[in-house]
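In: Build me a model:
(one chain, ligands or ions: 1)
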Amino acid sequence: MTRDLMFKDEIQQLVAAAYRGLDEPDGPGMDFYDGEQLAELPRAASSWTLGVGNPLPHAGLRPGERVVDLGCGAGVDALLAARQVRPGGHVTGVDLLAEMVERARSLGRQAGLDNVDFRRAEMEDLPLADDSADVVISNGSINLSARKSRVLAEAFRVLRPGGRLAVADLTIREEELPPEVIGHPSAWAG
Ligand SMILES: C[S@@+](CC[C@H](N)C(=O)[O-])C[C@H]1O[C@@H](n2cnc3c(N)ncnc32)[C@H](O)[C@@H]1O
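Out: From the prediction side, this is the model:
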């Protein structure tokens with residue numbers, strides 16, 4: 001069995017518990033955005049920037065494009081993307097946690113955006129049709145998956161030929177960590 005599949009249920013439970021337990025974070029990812037951009041969103045959005053970078057400058061979004069955000073959290077990138085693909089474009093954010101999806105929907109309503117929707121789903125099993133997206137974005141989420149190759153396969157499946165993938169995420173050099181750490185579910189999830 002590859003390490004990608006070891007402990008997958010345990011890892012997902014730990015990840016879910018960690019993010020479900022968040023209460024009013026203070027914007028750990030806020031510095032990756034310019035202030036003017038965040039000012040376009042409801043004030044609460046800034047505190048829910050949980051990412052590790054900003055995939056949007058790399059995504060090169062254009063009006064009319066269809067975008068999917070994997071592990072969207074409270075939806076900051078999805079909402080910013082929804083503004084960039086107007087008119088005619090649409091963004092779908094997916095997240096493991098119903099709480100995050102509700103938060104993202106609420107921020108979307110407050111932002112007055114009608115071209116974005118949020119779904120509770122696993123990024124390893126997207127409820128989206130083949131070739132249905134022009135761009136897939138993700139920020140700080142794929143590293144949390146116990147099935148990363150499955151996530152990438154799903155991104156490839158929903159992207160149309162010639163579509164684009166823009167990811168901000170964490171990586172590790174496996175050889176720099178002892179095996180008991182790298183294979184430990186809570187270290188992985190953390
Ligand atoms: C570090 S947060 C990043 C959230 C958001 N992208 C941002 O930049 O603020 C990671 C998010 O990924 C979600 N997540 C973790 N594993 C997931 C999975 N297998 N499928 C979908 N979402 C997942 C978590 O619930 C959490 O909201």
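In: which residues sit in contact with residue 100?
Out: 19, 72-75 (Cβ atoms under 8 Å, 6 or more residues apart in numbering). Where C-beta positions appear, they are placed from N, C-alpha and C, glycine not excepted.
In: and it, helix, strand or coil?
Out: helix (DSSP: H, G, I helix; E, B strand; the rest coil).
In: Out of the contacts of residue 100, who's the most crowded?
Out: Using other Cβ atoms under 10 Å as the neighbour test, the contacts of residue 100 are led by residue 72, with 32 neighbours.
In: looking at it, it is touching residue 103, isn't it?
Out: No. Look at residue 72 against residue 103 with Cβ atoms under 8 Å: they stay out of range, at 9.9 Å.
In: and the ligand, which of the contacts of residue 100 reach it?
Out: For the ligand, the contacts drawn from the contacts of residue 100 by Cβ under 6 Å from any ligand atom are 19, 72-73.
In: Contact residues of this protein facing the ligand?
Out: So far as Cβ under 6 Å from any ligand atom goes, the chain lies against the ligand at 15, 19, 29, 49-51, 71-73, 76-77, 94-97, 100, 122-124, 139-141, 144-145.
In: In strands, which of those appear?
Out: 94-95, 139 (DSSP state E).
In: Return the set of buried residues in stretch 52-70.
Out: With burial defined by 16 or more other Cβ atoms under 10 Å, the residues of stretch 52-70 counted as buried are 53-56, 59, 61, 65-70.
In: same check, this time on stretch 75-91
Out: Within stretch 75-91, the residues that count as buried by 16+ other Cβ under 10 Å are 75-85, 89-91.
In: picking up where we left off before, wait, which of the ones in strands among the residues of the chain next to the ligand is closest to the ligand?
Out: Checking those against the ligand with Cβ to the nearest ligand atom, the nearest one is residue 139 at 3.6 Å.
In: State whether that closest one and residue 80 are indeed in contact, as I suppose.
Out: No. Using Cβ under 8 Å, residue 139 makes no contact with residue 80, being 10.6 Å away.
In: joint contacts of those two?
Out: Joint contacts of residue 139 and residue 80 (Cβ under 8 Å, 6+ apart) do not exist.
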